[in-house]
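Engineer: sequence below, structure please.
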Amino acid sequence: MFKRDFPTFELMNLTTMKGFISCLIICTMMLFSCEDKDEAADAIHKHIEIGKKIISFKLDSSINANSSFDIKLEFPEINEVDSSLFKTILLQETEKVMNKSAISDSLLENQDQVIAELERSYKAFKTDFPEINSEWYLNRTVEVVYQSKKYISIMYHEQSYFGGAHSNEIKTFKTFELKTGNQISLSQLLSNEEYLITEGLAESKLRKQKGFKPEDDLKANGWYFPNGRFTLNNNFYLTDTSLVIRYNTYDISSYAAGATTLEINLDKIKKAETGKNAVL
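Structural biologist: Now for the predicted structure:
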């Protein structure tokens, strides 16, 4: 028979049943309160409502009936009242992208200046080369592609054509830690062992995509990396099940080769240090 070692009411300094019940109720309330706070913290970042705002501009076709000039700026808006780092990060990063000059590296004051500057360039181009029919456009999109309790990943997508040999497209991704508001790199997200494993998986995926054997020289086949060997970049975002790395056009190969996207399943990245991070 098992010996009962439970303390008596006297040892617990609870001399009445009423006192015991009161203590039990308080403990239960504290437990549920902690759980509610954790659930609320998750909900703030997983289910926050994000709207969209679109600014469109089209130049009058009277300048040249066979040419056009269109601008479309699309970016997220948090409609609900929110003072968290989530909203702060989103506002700051959106401003950096939407207010960036389309013809230089300057950061302008607002989207109106971006449009006005590009309009002047377009009119000057049509004055100098009236015989050239061209369809100028600038499309910019900012979108939250991943959000969790700890991290958010933001995509900046730009498509443009300003009268050159071909159009341009670029997708830039940034991942932020919500606790600090800081952007994080892959080396900060992953342990050293996880980083090396990810690099190996990504290279294997690249070679399979492009039809290269493990022994094929990447540089000799038109793919350029620092020091002649495959390396990861920090243009990445997260999903619930994967890590996605993107190399834009010209990053590692020619314009004809286009962009390269490598998606690595998180399950395949074996954790070398338990508890290093909660994403993998």
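Engineer: now for Tyr255, how many residues are close by?
Structural biologist: The number of residues packed near Tyr255 is 10, by other CB atoms under 10 Å. In short, each C-beta sits where N, CA and C put it, glycine included.
Engineer: name the helix or strand for it, please.
Structural biologist: Counting by DSSP states H and E, no helix or strand carries Tyr255.
Engineer: does the closest residue to it other than its chain neighbours sit in a helix, a strand or a coil?
Structural biologist: Setting aside the residues directly before and after it, Tyr255 is nearest to Thr249 in space (CB to CB, 6 or more residues apart in numbering), at 5.6 Å. Three-state secondary structure (criterion: DSSP: H, G, I helix; E, B strand; the rest coil) places Thr249 in coil.
Engineer: what about Thr249, distance to Lys219?
Structural biologist: Distance of Thr249 to Lys219, given as CB to CB, to the nearest Å: 18 Å.
Engineer: between the two, which one's more packed in?
Structural biologist: Thr249 (18 against 10).
Engineer: and the top strand by length along the chain, what other elements does it pack with?
Structural biologist: Ranked by number of residues, the top strand in the chain under DSSP state E is strand 135-147. Here strand 135-147 touches strand 68-77, helix 85-98, helix 111-128, strand 151-161, strand 236-238, going by 3 or more CB pairs under 8 Å, 6 or more residues apart in numbering; DSSP states H and E.
Engineer: 6 Å instead?
Structural biologist: Contacts defined by 3 or more CB pairs under 6 Å, 6 or more residues apart in numbering; DSSP states H and E place strand 135-147 against strand 68-77, strand 151-161, strand 236-238.
Engineer: what's the angle between that strand and strand 68-77?
Structural biologist: Between strand 135-147 and strand 68-77, the angle comes out at 10 degrees (axes from the mean of the first three to the mean of the last three CA atoms, to 10 degrees).
Engineer: residues of strand 135-147 that come out buried?
Structural biologist: 136-142, 144, 146-147 (16 or more other CB atoms under 10 Å).
Engineer: convert that strand to PDB, retaining C-alpha atoms only.
Structural biologist: Output in PDB follows, covering the C-alpha atoms of strand 135-147 (Å, rounded to 0.1, in the frame of the first residue of the first chain):
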ATOM      1  CA  GLU A 135       5.700  52.400 -72.200                       C
ATOM      2  CA  TRP A 136       7.300  53.600 -69.000                       C
ATOM      3  CA  TYR A 137       6.000  52.200 -65.800                       C
ATOM      4  CA  LEU A 138       6.900  51.800 -62.100                       C
ATOM      5  CA  ASN A 139       5.100  49.300 -59.900                       C
ATOM      6  CA  ARG A 140       6.100  49.100 -56.200                       C
ATOM      7  CA  THR A 141       4.600  46.700 -53.600                       C
ATOM      8  CA  VAL A 142       5.300  46.300 -49.900                       C
ATOM      9  CA  GLU A 143       3.700  43.200 -48.400                       C
ATOM     10  CA  VAL A 144       4.000  41.300 -45.100                       C
ATOM     11  CA  VAL A 145       4.600  37.700 -46.200                       C
ATOM     12  CA  TYR A 146       5.100  36.100 -42.800                       C
ATOM     13  CA  GLN A 147       4.200  37.000 -39.200                       C
END
